[in-house]
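J.: model this:
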Amino acid sequence: MSDVNAVAARISALKEQAKLTGGQSPLKTPAFFSLRKDLHQQLLNELNPEELADINPAEIKYHIAQVVNSVAAERGIPLTQEQRGLMTTELVDEVLGFGPLEQLLKEDSITEIMINGPECVFVEKAGRLSKLDYLIFENEDHLMHIIKRIGLRIGRRCDASNPMMDARLPDGSRVNAIIYPLALDGSSMTIRKFPKNALSLEDMCNRFSALTPKMARFLSMCVKGKLNTIVAGGTGSGKTTLLNALSTFIANEERVITIEDAAELRLQQDHVVRLETRAANAEGKGEVTTRDLVKNSLRMRPNRIIVGECRSGEALDMLQAMNTGHEGSMTTVHANTSRDALKRIETLIMMAGLDLPLKTVRDMISTTVNVIALQSRFSDGSRKIKQISEIVGMEGDVITLQDIFVYKQTGLDEKGKVIGHFQPTGVLPKCLNHLKACGIEVPMDLFAAEGQPAPTGGKLL
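T.: You can find the predicted model right below:
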């Protein structure tokens, strides 16, 4: 199709093909669903969304509304103004967007959408999961159509030969889809939404009580002082959100390269290059891994490299980059404690296939990584920074860690909300001399334990 008239003609032809049953019905009753279902199916069969890209959405919405009115009148189905508007909106979403997902994506209170087949949809609100008490997909084919459309937007496939897909939506939300034969009970899709406006450390302090101002100030100084930082935590604990918040303290004149499987980071600096991995094609060729991109980024004159997540041998390349002129680089790993994060990094380095001695690996980690910030998701759905730890060296074959800040959970209230408090451990960080050399003034009272004077165990330059 090349113009609006051609689109209008094709949409108008749908009413001649629709096989609908009449009947009196209020909003969202069987007759309403029958009308919507038939029109949806006809739209799926007759309209190619790619052909509509250059046409004004308002024009398409107008013609779809005309079809709804005409078909409803022909079949004797009285629709209220509310019904007409609802059906028109749903049909427009089907043609131009992601179908029934559009309304869920627009609801800011929903942070995650989990689809376990076309008849089972869960959403997360305020850290709590709940099942939708209504169906949003017509059938498995309808769900598969939406999955394929999401992949098509960024050039990724999800079909029998490639039944798993990582993708992202235009707003940056992360999408994972897995289909039959790997998903036995129907196609499964998980969408992790991100706030329209990226959270800052100040937001995390004041709105979500995820850390204290003292912790936020210390982390900001670590980024400004170009300390290599690992953000650790479990799935859904907020690692990417914290990484994005930390990135705001990178100087605007620095050249930053981000590397991700599905681009989620939203850096505000001017000099940012965003790289994204690529899956293999149908012939099994053309794959570009995170490790490939990390190696290539070293030839792009970066000041800092930010890897969305290290999950394989790229951890070795990342540490080598941190240790060879790219100070202040950052990444995330899956781990439940700061100590576990070190073990995880060891394992990932071993996956590089170089058969390095364990002591060599630990020496590399201890001399390269400076700070570990541990994100945790608690039983009430809240997310907090549970530990900020510093790597201070080696004792024999063991990497030495010291906690600078910790969160202590003391119980749950009558509503199941977590009760606890953040506290400095009273330990003076070893990195203070480095920060001082970078011209960063660090007040000692940041590290004073509750009721205690500021620590004086270290001597600043």
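J.: Quick check: which element contains the closest residue to residue 224 other than its chain neighbours?
T.: Nearest non-adjacent residue to residue 224, counting by Cβ to Cβ, 6 or more residues apart in numbering: residue 249, 5.4 Å away. Every C-beta, even on glycine, is put in place using the N, C-alpha and C of the backbone. Using DSSP states H and E, residue 249 sits within no helix or strand.
J.: and what of residue 176?
T.: Going by DSSP H and E, residue 176 is in strand 174-178.
J.: List the buried residues for that strand?
T.: 174, 175, 177 (16 or more other Cβ atoms under 10 Å).
J.: ok, of these, which one's closest to residue 289?
T.: Nearest to residue 289 among those is residue 174, at 18.1 Å by Cβ to Cβ.
J.: Pull the contacting residues for the residue lying closest to that closest one once chain neighbours are set aside.
T.: Nearest residue to residue 174 in three dimensions, chain neighbours excluded: residue 192, at 4.4 Å (Cβ to Cβ, 6+ apart). Neighbouring residues of residue 192 by Cβ atoms under 8 Å, 6 or more residues apart in numbering: 111, 112, 173, 174, 175, 236.
J.: what would those residues look like in JSON lines with distance to residue 301?
T.: Formatted as JSON lines, the contacts of residue 192 follow (distance: Cβ to Cβ, whole Å):
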{"residue": "111", "distance to residue 301": "37"}
{"residue": "112", "distance to residue 301": "38"}
{"residue": "173", "distance to residue 301": "31"}
{"residue": "174", "distance to residue 301": "29"}
{"residue": "175", "distance to residue 301": "32"}
{"residue": "236", "distance to residue 301": "35"}
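J.: so, if you compare the residues you listed, which one comes nearest to residue 263?
T.: residue 174 (9.4 Å).
J.: what's across from that closest one in the sheet?
T.: Bridge pairing for residue 174 (DSSP bridges) gives the partners residue 168, residue 192.
J.: That one is in contact with residue 154, isn't it?
T.: No - at 11.8 Å, residue 174 does not count as touching residue 154 under the criterion of Cβ atoms under 8 Å.
J.: which residues touch the residue nearest the centre of the chain?
T.: In the chain, the C-alpha nearest the mean C-alpha coordinate belongs to residue 174, at 4.5 Å (Cα atoms, centre = their mean). Residues counted as contacts of residue 174 (Cβ under 8 Å, 6+ apart) are 166, 168, 191, 192, 194, 262, 264.
J.: Tell me the one among those nearest to residue 143.
T.: Among the contacts of residue 174, residue 191 lies closest to residue 143 (Cβ to Cβ), at 12.6 Å.
J.: Please name the nearest non-neighbouring residue to that closest one.
T.: residue 113 (4.2 Å).
J.: wait, what's in contact with the one you found?
T.: 101, 104, 105, 121, 122, 123, 124, 189, 190, 191, 193.
J.: State the mean pLDDT of stretch 288-302.
T.: Throughout stretch 288-302, pLDDT has a mean value of 93.
J.: what's the answer for stretch 228-236, then?
T.: Here the average pLDDT along stretch 228-236 is 94.
J.: Buried ones in that stretch, by neighbour count?
T.: Residues 228, 229, 230, 231, 232, 233 are the ones in stretch 228-236 that count as buried (16+ other Cβ under 10 Å).
J.: Need the distance between the two termini of it.
T.: End-to-end distance for stretch 228-236: 23 Å, by Cα to Cα, to the nearest Å.
J.: Also stretch 375-394?
T.: Using Cα to Cα, one end of stretch 375-394 lies 24 Å from the other.
J.: Ok, stretch 167-184 next?
T.: First-to-last distance for stretch 167-184 - Cα to Cα - comes to 21 Å.
J.: Show me the helices in the chain, by range?
T.: Ranges of helices within the chain are 4-17, 30-46, 57-74, 81-96, 101-106, 140-153, 201-206, 213-224, 239-247, 290-297, 314-322, 338-350, 358-368, 432-437, based on DSSP state H.
J.: out of the ones you listed, which comes closest to residue 386?
T.: The closest of those to residue 386 is helix 338-350. By Cβ to Cβ, the value is 8.8 Å.
J.: which of the residues in that closest one are buried?
T.: Neighbour-count burial for helix 338-350 flags 338, 339, 341, 342, 344, 345, 346, 348, 349, 350 (criterion: 16+ other Cβ under 10 Å).
J.: Please work out the average pLDDT along that helix.
T.: What helix 338-350 shows for mean pLDDT is 95.
J.: quick one: it to helix 358-368, angle?
T.: Following axes from the mean of the first three to the mean of the last three Cα atoms, to 10 degrees, one obtains 120 degrees for the angle between helix 338-350 and helix 358-368.
J.: Work out the gap between helix 338-350 and the centre of the chain.
T.: Centroid separation for helix 338-350 versus its chain: 22 Å, with Cα atoms, centre = their mean, to the nearest Å.
J.: Extract the C-alpha trace of that helix and format it as PDB.
T.: Extracted C-alpha coordinates of helix 338-350, given in PDB (Å, rounded to 0.1, in the frame of the first residue of the first chain):
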ATOM      1  CA  SER A 338      29.600  -9.800  47.700                       C
ATOM      2  CA  ARG A 339      31.700 -12.900  48.400                       C
ATOM      3  CA  ASP A 340      29.500 -14.900  46.000                       C
ATOM      4  CA  ALA A 341      30.000 -12.100  43.300                       C
ATOM      5  CA  LEU A 342      33.800 -12.800  43.500                       C
ATOM      6  CA  LYS A 343      33.200 -16.500  43.100                       C
ATOM      7  CA  ARG A 344      30.900 -15.800  40.200                       C
ATOM      8  CA  ILE A 345      33.600 -13.700  38.400                       C
ATOM      9  CA  GLU A 346      36.100 -16.500  39.000                       C
ATOM     10  CA  THR A 347      33.800 -19.000  37.300                       C
ATOM     11  CA  LEU A 348      33.100 -16.700  34.400                       C
ATOM     12  CA  ILE A 349      36.800 -16.100  33.800                       C
ATOM     13  CA  MET A 350      37.400 -19.800  33.700                       C
END
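J.: Mind giving me the packing neighbours of it?
T.: Judged by 3 or more Cβ pairs under 8 Å, 6 or more residues apart in numbering; DSSP states H and E, the packing partners of helix 338-350 are strand 229-233, helix 314-322, strand 330-334, helix 358-368, strand 371-377, strand 383-395, strand 398-412.
J.: Give the other helices and strands that the first one contacts.
T.: It stands for strand 229-233. helix 213-224, helix 239-247, strand 330-334, helix 338-350, strand 371-377.
J.: can you pull the contacts of residue 64?
T.: Contacts for residue 64 (Cβ under 8 Å, 6+ apart) come out as 11, 88, 91, 92, 95.
J.: nearest residue to it other than its sequence neighbours?
T.: residue 91 (4.9 Å).
J.: measure the one you found to residue 101 for me?
T.: 14 Å (Cβ to Cβ, to the nearest Å).
J.: Next: residue 206.
T.: 32 Å.
J.: returning to what we had before: derive a PyMOL selection command for the buried subset of the contacts of residue 113.
T.: Buried subset of the contacts of residue 113, written as a PyMOL selection, criterion 16+ other Cβ under 10 Å:
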select buried, resi 101+104+105+121+123+124+189+191+193
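J.: Sweet, I'm off.
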